[in-house]
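J.: here is a sequence together with a model predicted from it:
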Amino acid sequence: MAAELALVTVLVQLLVDLVTSDSIDFYNVMPAVEATPYPKSFKCFTCEQALDNYSCNRWAEDVWCPQNTQYCMTIHHFNHHGKTKFVTKRCAKREECQLAGCRHYKNTHHECISCCEGMVCNVELPTNHSNAVFSQRQTHSLAAPTFRIWDSVILLIPAFTRLLPL
């Protein structure tokens, strides 16, 4: 009985560790299943002058992008020492995404802008010329499926059910 109790305690702690806010996987964010406002609608991480990328993604406004937009934009302002001043993320039109890249403003600050196409695709923060780009969705994805945190929880459910008294 003590061994079963210890196992349950370990499994519960593992579940708690898996779902704490520090372990949020922004790459696997799936919007709630709801009716879309128009065909091919999408959402982006959306914030205005957040302190950092994590805060922006964590507290991003959950709204559908306007129909006249096709991309998600991220604007990263940082000082001349490379420290983040603020982050802005929003929905954008193709014309706005032509601004993708990095710019230096005298000795005051730098700005890097990136755009991407797809549901909540603007997870990352552009920091240099190699990642401050305008990336459009490929028609065929070669990416392997990722293992999400909830997959771990689902795999642990049978272990819990076996420990329950009948």
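T.: Great, that's in hand. Predicted model only: the values in this text are computed from it and were never measured.
J.: quick one: end-to-end distance for stretch 98-115.
T.: Using C-alpha to C-alpha, to the nearest Å, the end-to-end distance of stretch 98-115 comes out at 9 Å.
J.: that stretch: which residues count as buried?
T.: Residues of stretch 98-115 classed as buried: 99-100, 102, 109-115 (neighbour count, 16 or more other C-beta atoms under 10 Å). Any C-beta I mention is one placed from the backbone N, CA and C, and that applies to glycine too.
J.: also stretch 87-94?
T.: Buried positions in stretch 87-94, judged by neighbour count with 16+ other C-beta under 10 Å: 87-92.
J.: as a markdown table, those with pLDDT and distance to His77 would be great.
T.: Listed next are the buried residues of stretch 87-94 as a markdown table, based on pLDDT from 0 to 100; distance: C-beta to C-beta, whole Å:
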| residue | pLDDT | distance to His77 |
| --- | --- | --- |
| Val87 | 97 | 8 |
| Thr88 | 97 | 8 |
| Lys89 | 97 | 12 |
| Arg90 | 97 | 14 |
| Cys91 | 97 | 19 |
| Ala92 | 97 | 16 |
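J.: if you look at those residues, which of them are in strands?
T.: In this view, those that belong to strands under DSSP state E are 87-92.
J.: how about the residues you listed in JSON lines, adding distance to Glu61?
T.: Below are those laid out as JSON lines (distance: C-beta to C-beta, whole Å):
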{"residue": "Val87", "distance to Glu61": "14"}
{"residue": "Thr88", "distance to Glu61": "12"}
{"residue": "Lys89", "distance to Glu61": "9"}
{"residue": "Arg90", "distance to Glu61": "9"}
{"residue": "Cys91", "distance to Glu61": "11"}
{"residue": "Ala92", "distance to Glu61": "15"}
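J.: which of the buried residues of stretch 98-115 lies closest to Asn68?
T.: Set against Asn68, the nearest of these by C-beta to C-beta is Cys115 (14.9 Å).
J.: which helix or strand lies directly C-terminal to the strand or helix carrying that closest one?
T.: Following DSSP states H and E, one finds Cys115 within strand 109-116. Downstream of strand 109-116, the next assigned helix or strand under DSSP H and E is strand 134-135.
J.: tell me which other helices or strands that following strand touches.
T.: Counting contacts by 3 or more C-beta pairs under 8 Å, 6 or more residues apart in numbering; DSSP states H and E, strand 134-135 packs against strand 109-116.
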